[in-house]
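Student: predicted model and sequence below, questions to follow.
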Amino acid sequence: MTGSIVKTMSRKSIYFILIPLTLGILSIAILAYQYYLTVYCPTNSQSIENVVLTINPGESGLQVINKLYQQHLIHSVPLAQVYARLQQINKRQIQAGEYTLSPSLNLIQMYDLFQHGTFDITITIPEGKRLEEIAELISKNLNITPDEFISAAIDKRGYLFPDTYQVPGTISVHDLVLFMRENFDRKVEVLQNKFQEQGLSLREAVTIASIVEREARFDQDRPVIAGILIKRYQNDWLLEADATVQFAKGSLECNLQSPCQWWPSALSAIDLKLESPYNTRTHDGLPPTPICSPGLESLTAVAQPAETPYWFYLSDSQGETYYSTSYEEHLLNVNKHLYR
């Protein structure tokens with residue numbers, strides 16, 4: 001009888017220990033998840049709206065957190081305050097100024113911006129610019145040389161999203177490239193599954209989109225051209241895109257020290273046979289990298305291409321595009337629209 005009582009008490013003791021321990025572990029897990037949500041996850045990753053936030057001189061990190069919450073830019077005040085205190089401990093001080101923020105930014109990204117100071121430079125990167133052209137635009141607005149920018153961004157060719165950026169005049173080349181690449185990631189995230197549905201990796205999709213960007217002058221042509229290029233690529237046809245020849249020729253003839261045409265429009269028969277892995281008239285498959293930074297319309301066209309019977313297309317000097325289902329029909333279009 002005594003032994004039974006002892007066993008019962010032992011079980012109760014174990015329960016008294018296990019239940020609080022389990023609840024404690026569960027509470028820590030929930031708290032850790034909420035902290036992750038607050039610090040790493042934006043309140044609206046798809047938002048394209050901007051919010052202007054003013055940080056006055058002398059305001060503390062805790063005051064800034066309250067302002068972010070009032071503007072619906074963070075999920076939780078207490079957990080964001082924990083992050084703010086950690087930044088103070090690490091001596092990362094925020095700078096006063098007027099910031100243009102977005103619900104698509106997470107708390108880490110916003111705090112990174114607060115370290116640099118207020119946005120005082122606006123730079124617009126148009127769609128369809130190659131890396132060297134973007135470098136030239138950057139150098140005209142910031143104290144960053146073209147060579148510095150290209151060196152920092154050479155492995156991100158095609159992945160620097162064309163957009164209007166507001167950045168501090170003192171931003172480093174590393175932070176600028178990171179800022180532009182993160183913008184690309186946010187904009188393209190919603191298209192990733194669509195790329196996979198087309199049987200394309202991100203690299204393949206962005207490379208094809210970069211060709212679409214240069215080949216199509218009008219938005220209505222982008223899904224059709226994207227469909228043709230994807231179909232040719234996946235059936236082991238040469239893409240035969242003149243834009244890739246233009247890229248190859250520009251790469252050979254241009255340098256940043258002398259004015260030139262990065263996209264030479266007049267291509268000779270010799271140019272079309274130019275030896276370059278970027279020349280899709282002579283090389284199978286895709287170019288080694290994207291040829292430019294494609295805009296959202298071209299990326300969306302690759303994610304949702306038009307299904308047509310066409311295998312060929314050409315554009316005249318006005319940007320009008322003509323499509324054909326056979327090579328013979330394509331030759332007729334060439335004679336009719338290019339040699340008239």
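Tutor: Happy to help now that I have it. Just so we're clear, the structure is a prediction, and the values are computed from it rather than from any experiment.

Student: can you pull the contacts of the spatially most central residue of the chain?
Tutor: Central residue check for the chain by CA atoms, centre = their mean: the C-alpha nearest the mean position is that of residue 184, 1.1 Å away. Counting by CB atoms under 8 Å, 6 or more residues apart in numbering, residue 184 touches 159, 160, 161. (C-beta placed from N, C-alpha, C; glycine too.)

Student: just confirm it is within a strand.
Tutor: No. Counting by DSSP: H, G, I helix; E, B strand; the rest coil, residue 184 is not found in a strand; it is helix.

Student: ok, it to residue 32 distance?
Tutor: Note on residue 184: its distance to residue 32, by CB to CB, to the nearest Å, is 29 Å.

Student: so where's the chain shaky on pLDDT?
Tutor: In the predicted model of the chain, residues 1-24, 26-27, 90-92, 116-119, 255-258, 339-340 satisfy pLDDT under 70.

Student: helices of that one, start to end?
Tutor: In the chain, the helices defined using DSSP state H lie at 2-40, 61-70, 77-89, 107-116, 131-141, 146-153, 173-188, 192-197, 202-215, 222-234, 242-253, 296-303, 327-337.

Student: show me the one of the ones you listed that comes nearest residue 283.
Tutor: helix 242-253 (8.7 Å; CB to CB).

Student: CA atoms of the closest one as PDB?
Tutor: These are the backbone C-alpha positions of helix 242-253, laid out as PDB (Å, rounded to 0.1, in the frame of the first residue of the first chain):
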ATOM      1  CA  ASP A 242      18.800  40.500 -82.400                       C
ATOM      2  CA  ALA A 243      19.000  42.100 -78.900                       C
ATOM      3  CA  THR A 244      21.500  39.500 -77.900                       C
ATOM      4  CA  VAL A 245      23.700  40.400 -80.900                       C
ATOM      5  CA  GLN A 246      23.400  44.000 -80.000                       C
ATOM      6  CA  PHE A 247      24.600  43.200 -76.500                       C
ATOM      7  CA  ALA A 248      27.500  41.200 -77.800                       C
ATOM      8  CA  LYS A 249      28.500  43.900 -80.300                       C
ATOM      9  CA  GLY A 250      28.200  46.600 -77.600                       C
ATOM     10  CA  SER A 251      30.300  44.600 -75.200                       C
ATOM     11  CA  LEU A 252      33.100  44.300 -77.800                       C
ATOM     12  CA  GLU A 253      33.100  47.900 -79.000                       C
END
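
Student: who's in contact with that helix?
Tutor: The contact list for helix 242-253, computed with CB under 8 Å, 6+ apart, reads 130, 211, 214-215, 260-265, 267, 271-272, 274, 276, 278-281, 287, 291-292.
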